[in-house]
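In: Provided below for reference: sequence and predicted model.
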Amino acid sequence: MVGVKKKMVTLVSSDGVEFVVEKRVAEQSLFIKNALNEGGVEEKVMIPIPKVTSDTLSSVLEYCEKHASATEFQENEIEEWDKEYIEKADLDLLYYLLQASYSMSIMGLMELGAKKVASLIRGKSPQEIRELFNIKNDFTPEQEEEIRREMQWNYE
Amino acid sequence: MFEDLPTELTELILMKLSMRDAFKASTVSKNWIQAWNSTPKLVLDDENFMRFDNNYESMFIEFAERVLSSHKSPILQFHLSTRIENKMKINRWLFFSMRYNKIKELHLEVRYARKYKVPQRLFSCHELVHLKLVKCKLTPPQDFKGYKDLVLPSLRDMKLETVKLSLPTLPPDSITNLVSECHQLKKLDVMIHYPDYQEIQIVSTSLQSLKIGRCYSHLHLACPQLIDASIYIDTDLYYWDSVSSCSRLRKEQQLSLKELEYRQTKVTLPVAFNHLEKLSLETKADLEEIALAEADIINLKHKISDLRGQLSHQARRTDGDRQYCYCRSN
């Protein structure tokens, strides 16, 4: 792309790390796209991404980069890539990716993360799910007994 | 950690699970229960209850009532698949799913022996986009002109599978009215069960994709926007008795050539199909009949780039399956 200067934007993670990326990559996030549209592209090239740390943001941007050039690939290539991408994320990263995709409005990543979590839940008992995802049981013993009664069929 | 996910995300996760898994997952914490109670998609399927055999029906009803009674927000997608015979309950659940009139997608399959009659309330779901009915009985409103409210203005996609269109006095064009009154309808897949083989007219200015099963004696299509059509040509009325219980192959074996020759089927394509790109004719009938249909099409001089008649299986034919392909372009 000699002579054509790509439009770049700088994203700043919550821990202050700057990421310089192409505008079209950053715009995979509706949150950023809207921010760019509102502020006028020229002046507003530094965009803070609150609540997303540099580790998570770099992984998010990896996703955005691939999907910004999705048209160059076959659909199943992208699917394959998505699968590997989410497969290599550990539980912590998966959680942060979900949170980031939500706050940055990246629908595809949100879907992908939710699907992954769902696949981990499938076939597990509530207790196993709590343990896996580190979810605190905040029911009183009475509430829990009631739930247990209600879904007798499910505990068989 | 995962307990403080935003409700929308938890909902999204729960929607990707089967009812059984979703319900189980919803009980891990208060936040998750809350998300479950506000998920816009509900899938009630009694498949999981089957192993309780004797009292599965009461358990399923209890479960469904519980899920619905604690559900708080408008339902956008509702799937109900059941073989319980309690029509009152099914009605109530359907009404519940429609109570905010926000429903966009409805799949309904009622598998008990006598066909469940879908309430007329269906026709006032103005936001309905996708409708799939399996093994139900549907009475389209008789007079659309009289009820301006009783149409489905947003419907884009309708699938009627083994659906019986009812009313003793039902005019044969009731499907015509239903289809032509849904102005957004793009996709139609019908396998309807008329009391008798009937002449069917499909008239639509919006329809792009049509799939029609063996359920008519004469078929008239007037769909100028049609780009993809799959039409089953068949002649045997007696198929219908066994449609629900037999696999396709077995049905075909039951058919004798005599009956085929006896009943003539004809496809009439009376209007210019300017957008038609693909037409597949599937039949067990003689080549002559296919040729008849083709002659009709060719006479109209339409742009059909790919016309394919598939001759699947003729019992007494010695050379086995034959394929007949015809391609032309204007």
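Out: Ah, there it is. Just so it is clear, the structure is predicted and the values come from calculations on it, not from any experiment. Residues are numbered from 1 along each chain as shown, chains lettered A, B, ... in the order given.
In: alpha carbons only for contacts and neighbour counts from here, please
Out: OK.
In: Show the residue spans covered by the strands in chain A.
Out: Using DSSP state E, the strands of chain A run over A:8-12, A:18-22, A:46-48.
In: Need these in CSV (columns: mean neighbour count).
Out: Below are the strands of chain A laid out as CSV (neighbours: other CA atoms under 10 Å in any protein chain shown):
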stretch, mean neighbour count
strand A:8-12, 20
strand A:18-22, 16
strand A:46-48, 16
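In: and the stretch 201-330 of chain B, which residues reach chain A?
Out: Remark: no part of the stretch 201-330 of chain B is in contact with chain A, using CA under 8 Å from any CA of the partner chain.
In: ok, the residue of the stretch 201-330 of chain B found nearest chain A to residue B:187 distance?
Out: In the stretch 201-330 of chain B, no residue comes nearer to chain A than residue B:228, which is 22.8 Å away by CA to the nearest CA. Look at residue B:228 and residue B:187: by CA to CA, to the nearest Å, they are 9 Å apart.
In: what's the burial count for residue A:128?
Out: Counted with other CA atoms under 10 Å in any protein chain shown, the burial measure for residue A:128 works out to 15 neighbours.
In: Can you check the pLDDT for it?
Out: Listed pLDDT for residue A:128 reads 91.
In: How about the contacts made by residue 97?
Out: Answering for chain A, as no chain was given. If a contact means CA atoms under 8 Å, 6 or more residues apart in numbering or on different chains, then residue A:97 has A:56, A:59-60, A:109-110, A:113 as its contacts.
In: could you do chain B instead?
Out: Contacts were defined as CA under 8 Å, 6+ apart; by that measure residue B:97 touches B:74-75, B:78, B:103.
In: Looking at those residues, which is nearest residue B:222?
Out: Of all those, the one with the least separation from residue B:222 (CA to CA) is residue B:103, at 29.7 Å.
In: correct me, but the closest one touches residue B:128?
Out: Yes: Residue B:103 lies in contact with residue B:128 (CA atoms under 8 Å); the separation is 5.7 Å.
In: Need the distance between the two termini of stretch B:178-190.
Out: With CA to CA as the measure, the ends of stretch B:178-190 fall 12 Å from one another.
In: Equivalent analysis for stretch A:14-28, please.
Out: 19 Å.
In: residues touching the closest residue to residue B:111 other than its chain neighbours, list them.
Out: Leaving out its chain neighbours, the residue that sits closest to residue B:111 by CA to CA, 6 or more residues apart in numbering or on different chains is residue B:83, at 4.5 Å. Counting by CA under 8 Å, 6+ apart, residue B:83 makes contact with B:46, B:110-112.
In: could you redo the last one with a cut-off of 6 Å?
Out: Shown here is residue B:83, whose contacts under the criterion CA atoms under 6 Å, 6 or more residues apart in numbering or on different chains are B:110-112.
In: since we're on the spatially closest residue to residue B:225 that is not a sequence neighbour, how many residues are nearby?
Out: For residue B:225, ignoring the flanking residues on the chain, the nearest one in space by CA to CA, 6+ apart is residue B:208 at 5.3 Å. Residue neighbour count, defined by other CA under 10 Å, stands at 20 for residue B:208.
In: Then the one 4 residues further on?
Out: Neighbours of residue B:212 under the rule other CA under 10 Å: 20.
In: so it sits right up against residue B:190, yeah?
Out: Yes: look at residue B:212 against residue B:190 with CA atoms under 6 Å: they come within range, at 4.9 Å.
In: what sits in contact with each of these two?
Out: Taking CA under 6 Å, 6+ apart as the contact criterion, residue B:212 and residue B:190 have no common neighbours.
In: Got phi/psi on residue A:139?
Out: Dihedral angles of residue A:139 (phi, psi; degrees, to the nearest 10) stand at phi -90, psi 150.
In: Look up how far residue B:27 lies from it.
Out: With CA to CA as the criterion, residue A:139 and residue B:27 are 9 Å apart.
In: What's the separation between the closest residue to residue B:155 other than its chain neighbours and chain A?
Out: Closest residue to residue B:155 apart from its sequence neighbours, by CA to CA, 6+ apart: residue B:129 at 4.0 Å. As judged by CA to the nearest CA, to the nearest Å, residue B:129 and chain A stand 22 Å apart.
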